[in-house]
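Need a 3D model of the following:
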Amino acid sequence: MPRHPRIDLPHIAQHVVQRGNNRRPCFFQDVDYLRYLSELRELASRVGCAIHAYVLMTNHVHLLLTPLQAGS
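Next comes the predicted model:
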């Protein structure tokens, strides 16, 4: 069953979870974590999201972020 759409409110912090398919690993080497953080930083800047905290696990990611405008 699909998930309900995320409520999209600017200036409200959101907890976002990204998981690997079938709980398989997302990251295999240290360079994978560094690349993810680099891409995340660039994308957050481009779309206007403040990243407050993150946790990178081998098979999933937790993000606490705040969109600065609807659709971010």
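
Kindly provide the distance from Pro10 to Asn21.
Distance, Pro10 to Asn21, using CB to CB, to the nearest Å: 31 Å. For every residue, glycine as well, the C-beta is placed using N, CA and C.

same deal with Glu42?
Applying CB to CB to Glu42 and Asn21 gives a distance of 24 Å.

what does stretch 60-72 contact?
8-20, 23, 26, 36, 40, 44, 47-55 (CB atoms under 8 Å, 6 or more residues apart in numbering).

What's the PyMOL line that selects buried ones from those?
Buried residues among those (16 or more other CB atoms under 10 Å), as a PyMOL selection:
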select buried, resi 26+36+40+44+49+51
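
For the residue nearest to the spatial centre of the chain, grab phi and psi.
Nearest to the mean C-alpha position of the chain, by CA atoms, centre = their mean, lies Leu63 at 4.7 Å. The phi and psi values for Leu63, taken as degrees, to the nearest 10, are phi -130, psi 140.

For it, give me the pLDDT.
Leu63 carries a pLDDT value of 97.

Tell me what it is bridged to.
Assessed by DSSP bridges, Leu63 has beta-bridge partners Val16, Tyr54.

likewise the one 4 residues further on?
In this entry, Pro67 is beta-bridged to Cys49, by DSSP bridges.

Just give the number of residues close to it.
19 (other CB atoms under 10 Å).
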